[in-house]
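Undergrad: based on what follows, work out the 3D shape:
(one chain, ligands or ions: 1)
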Amino acid sequence: SFRPRRQRKNDPQLPPGPPALPIIGNLHMLGKLPHRSLHQLAKKYGPIMSMRLGSVPAIVVSSPQAAELFLKTHDLLFASRPMLQASLYMSYGNKGVVFSEYGPYWRSVRKLCTLQLLSASKIEYFAPMRREEVGLLVDSLKKAAAAREVVDISLAVGDLIQNMTCRMVFGEAKNSEFDLKPLAKEALNLAGAFNIADCVPFLGAFDLQGLTKRMKSFSKAMDTILEKIICEHEREARWKKKQQMKDFVDVLLSLMNQPMTSNEEEETIIDGYHIPKNARIIVNAWAIGRDPNAWSDNAEEFLPERFADTSIDLRGHDFQLLPFGSGRRGCPGMQLGLTITRFVLAQLVHCFNWELPDGVLPNELDMSEIFGLSMPRANHLVAVPKYRLRV
Ligand code: HEM
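TA: Numbers count the residues shown, from 1 in each chain. Got it, this is the predicted structure:
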């Protein structure tokens with residue numbers, strides 16, 4: 001029979017969710033800060049909520065228990081990534097570890113990253129470089145402290161991370177021939193932008209937001225720079241052959257001649273709900289970090305010691321605290337990220353006392369965020385350092 005199968009009374013239903021409009025589905029409900037809007041909606045419809053983003057079915061996960069079901073119990077079914085325009089245009093057609101779909105290609109790139117680039121020994125290898133870069137920042141902050149200057153901490157730490165990253169990846173913080181800073185910023189903006197073409201594909205051809213044009217020109221500029229970096233490394237490698245491998249590009253070039261291999265998601269039932277094939281799973285870590293059952297009703301308070309005396313840690317085993325995600329697609333750079341974050345933060349608070357400028361009180365500090373890949377502060381953090389070690 002060509003008739004579609006009728007839904008029977010006892011068939012699992014979609015999770016509850018807000019009614020969707022034709023064509024746009026629930027897109028109009030996301031607003032400028034989707035993590036907040038989805039959090040509000042989840043309070044009404046529950047921790048496993050179904051929506052439609054344009055023509056794409058989406059499941060929004062908003063509690064630690066629900067996150068565990070998707071990221072651990074059924075991790076394998078949801079280990080893929082959606083085909084987004086950003087990954088198509090900016091990552092050589094969905095290549096690389098971040099954007100590629102789950103399968104043999106992703107497995108081999110991921111293995112390469114964890115074993116060759118982000119291993120404990122590689123992290124250790126770059127320790128002197130990190131000390132040098134943080135030392136430079138501390139020196140410049142000491143000067144600012146002596147002159148009682150207000151420091152833009154967001155900018156200073158952003159520059160520091162960028163310098164460290166460039167030195168790890170291609171061996172130098174700056175190159176006279178190109179400037180990666182504006183390109184890195186554009187990449188973050190584009191990858192974090194909400195692209196309507198990913199939800200309503202037929203609109204893609206019109207490029208209503210101008211994102212496709214920007215992605216293509218980003219990709220072209222980046223490709224030219226990468227080509228330069230690779231050529232320089234190949235040239236140097238020829239006469240420095242016996243030297244130990246240094247940066248990420250050296251390591252990757254040395255692996256070039258090794259063979260690289262290039263899951264079907266299935267319909268499934270989770271917590272009694274029918275989860276459609278190819279549904280986009282949105283784990284709303286922001287909402288999970290405000291779940292009153294796990295965080296009590298003071299979730300909005302800054303309490304760094306909140307989980308200090310518990311067994312809860314941030315590595316992805318405890319689903320109330322998920323800064324690095326969890327499961328197969330969890331962050332492979334976690335150890336490096338933690339090493340850098342702890343080192344930089346420790347140095348900033350060990351060497352300096354910090355005061356807010358112009359008599360601003362801590363509880364008046366503007367903590368608003370903008371939506372994007374890493375949800376940065378809307379306004380930079382500025383403060384006045386006072387050197388505290390010389391007494
Ligand atoms: C404090 C710093 C960091 C935080 C909070 C962080 C957080 C995250 C999160 C939440 C994910 C997504 C996990 C998921 O989809 O379930 C992720 C993925 C990823 N992160 Fe990080 N990360 C950090 C640092 C790093 C560093 C330093 C690197 C590498 C140099 C890195 C490389 C990656 C990669 C390659 C992925 C994609 C993995 C995949 O799809 O298989 N991250 N990260």
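Undergrad: pLDDT of the strand or helix carrying Gln162, averaged?
TA: Element membership of Gln162 [criterion: DSSP states H and E] is helix 153-170. Taken as a whole, helix 153-170 carries a mean pLDDT of 96.
Undergrad: Ala144 reaches Val151, doesn't it?
TA: Yes. Look at Ala144 against Val151 with Cβ atoms under 8 Å: they come within range, at 5.1 Å. Quick note: C-beta positions are derived from backbone N, CA and C, even for glycine.
Undergrad: residues in contact with Leu112?
TA: Applying Cβ atoms under 8 Å, 6 or more residues apart in numbering to Leu112 gives the contacts Leu255.
Undergrad: secondary structure element holding it?
TA: According to DSSP H and E, Leu112 maps onto helix 104-112.
Undergrad: buried ones in that helix?
TA: By neighbour count with 16 or more other Cβ atoms under 10 Å, helix 104-112 contains the buried residues Tyr105, Trp106, Ser108, Val109, Arg110, Leu112.
Undergrad: also stretch 168-181?
TA: Going by neighbour count (16+ other Cβ under 10 Å), the buried part of stretch 168-181 is Met168, Phe170, Gly171, Ala173, Leu180.
Undergrad: please apply the same query to stretch 35-55.
TA: Residues 35-36, 38-39, 41-42, 45-54 are the ones in stretch 35-55 that count as buried (16+ other Cβ under 10 Å).
Undergrad: the ligand: which of those is nearest?
TA: Using Cβ to the nearest ligand atom, His35 comes nearest to the ligand of the buried residues of stretch 35-55, at 12.8 Å.
Undergrad: any idea whether the closest one is helix, strand or coil?
TA: Secondary structure state of His35, per DSSP: H, G, I helix; E, B strand; the rest coil, is helix.
Undergrad: and it, what does it touch?
TA: For His35, the contact set (Cβ under 8 Å, 6+ apart) comprises Asn284, Trp286, Ala287, Phe371, Met375.
Undergrad: ok, these vs Glu132, which is closest?
TA: Of all the contacts of His35, Met375 has the smallest distance to Glu132: 30.0 Å, by Cβ to Cβ.
Undergrad: right, and that closest one touches Pro323 too?
TA: No. At 11.4 Å, Met375 does not count as touching Pro323 under the criterion of Cβ under 8 Å.
Undergrad: with adjacent residues omitted, what lies nearest to the residue in the chain positioned nearest to the ligand?
TA: Closest to the ligand within the chain is Gly333: 2.1 Å, counting by Cβ to the nearest ligand atom. Leaving aside its chain neighbours, Gly333 sits nearest to Leu118 (5.5 Å; criterion: Cβ to Cβ, 6 or more residues apart in numbering).
Undergrad: Pro64 too?
TA: Of all residues not flanking Pro64 in the chain, Phe319 sits nearest, at 3.8 Å (Cβ to Cβ, 6+ apart).
Undergrad: that neighbour: how many residues sit nearby?
TA: A count of nearby residues for Phe319, using other Cβ atoms under 10 Å, gives 24.
Undergrad: again, but for Cys351
TA: If we define neighbours as other Cβ under 10 Å, then Cys351 has 19 of them.
Undergrad: one more: Tyr102?
TA: 19.
Undergrad: can I assume it is in contact with Ala79?
TA: Yes. Contact status for Tyr102 versus Ala79: in contact at 4.2 Å, counting by Cβ under 8 Å.
Undergrad: pLDDT wise, what is Phe2 at?
TA: 47.
Undergrad: mind listing what the residue nearest to Gly333 touches?
TA: Pro332, Gly333, Gln335, Leu336.
Undergrad: who's in contact with Leu188?
TA: Contacts of Leu188 by Cβ under 8 Å, 6+ apart are Gly372, Leu373, Ser374.
Undergrad: now do the phi/psi pair for the last one.
TA: Reported as degrees, to the nearest 10, the phi and psi values for Ser374 are phi -120, psi 10.
Undergrad: now the element after the helix holding Leu112, going C-ward?
TA: Counting by DSSP H and E, what follows helix 104-112 is helix 120-125.
Undergrad: report the rounded mean pLDDT for the helix or strand just after that next one.
TA: With elements assigned by DSSP H and E, the helix or strand that comes after helix 120-125 is helix 127-146. In this model, helix 127-146 has a mean pLDDT of 98.
Undergrad: which parts of helix 127-146 are buried?
TA: Buried residues in helix 127-146 (16+ other Cβ under 10 Å): Met129, Arg130, Glu133, Val134, Leu137, Val138, Leu141, Lys142, Ala144, Ala145.
Undergrad: how much space separates the last one from Pro385?
TA: So the one you mean is Ala145. 4 Å (Cβ to Cβ, to the nearest Å).
Undergrad: what touches both of those two?
TA: Contact with both Ala145 and Pro385 is made by residues Phe352, according to Cβ under 8 Å, 6+ apart.
Undergrad: near the ligand, which residues of the stretch 51-200 of the chain are found?
TA: For the stretch 51-200 of the chain, the residues in contact with the ligand (Cβ under 6 Å from any ligand atom) are Val97, Val98, Arg110, Cys113, Leu118.
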